[in-house]
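Enquirer: build me a structure from this.
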Amino acid sequence: MMILFSKYLVPKGYSGMAIFPFIFVNDKQLSKNRVFVNHEKIHLQQQIELLVFPFYVWYGLEFLIKLYTYRNWHLAYKNISFEREAYTHEMDLEYLKHRGFWRFLKYLRNHEF
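Expert: Okay, here's the model as predicted:
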């Protein structure tokens with residue numbers, strides 16, 4: 001995993017993003033934020049489990065379904081199963097050591113975040 005700074009790759013309104021094997025941040029200070037980095041590391045693990053490319057397809061399709069459901073960009077994003085898992089466990093810096101395989105599936109159920 002490598003953390004890279006880029007104002008242009010990170011979409012407007014977001015602080016960072018994980019694109020295997022990198023974490024991109026729009027503020028260099030974020031690379032020192034352990035909770036933020038842990039959140040992105042959870043996404044990297046999800047990407048590995050889904051063999052990278054299928055992760056992005058699933059993420060995009062699930063986002064579109066949630067956007068149709070909630071009719072709200074932010075609510076759709078926050079309720080993607082991958083995001084729900086990452087937000088729920090971002091403060092547990094040991095989470096990836098005991099996380100089960102494909103654990104994001106637990107977060108597919110429709111419970112607003």
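Enquirer: what about Phe24, how many neighbours?
Expert: Neighbours of Phe24 under the rule other CB atoms under 10 Å: 22. C-beta coordinates here come from the backbone N, C-alpha and C atoms, glycine included.
Enquirer: could you export stretch 44-51 as PDB, CA atoms only?
Expert: In PDB, the C-alpha atoms belonging to stretch 44-51 read as follows (Å, rounded to 0.1, in the frame of the first residue of the first chain):
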ATOM      1  CA  LEU A  44      -8.100  -2.100  -0.400                       C
ATOM      2  CA  GLN A  45      -8.900  -5.400   1.400                       C
ATOM      3  CA  GLN A  46     -12.400  -5.500  -0.200                       C
ATOM      4  CA  GLN A  47     -10.800  -4.900  -3.600                       C
ATOM      5  CA  ILE A  48      -8.400  -7.700  -3.100                       C
ATOM      6  CA  GLU A  49     -11.200 -10.100  -2.100                       C
ATOM      7  CA  LEU A  50     -13.100  -9.300  -5.300                       C
ATOM      8  CA  LEU A  51     -10.000  -9.400  -7.500                       C
END
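Enquirer: for the strand or helix carrying Asn38, list every residue counted as buried.
Expert: According to DSSP states H and E, Asn38 maps onto helix 34-49. By 16 or more other CB atoms under 10 Å, the buried positions in helix 34-49 come out as 36-47.
Enquirer: could you identify the helix or strand that succeeds that helix?
Expert: helix 53-70.
Enquirer: can you pull the contacts of Phe63?
Expert: 76-77, 80 (CB atoms under 8 Å, 6 or more residues apart in numbering).
Enquirer: for Glu94, give me the pLDDT.
Expert: Glu94 carries a pLDDT value of 98.
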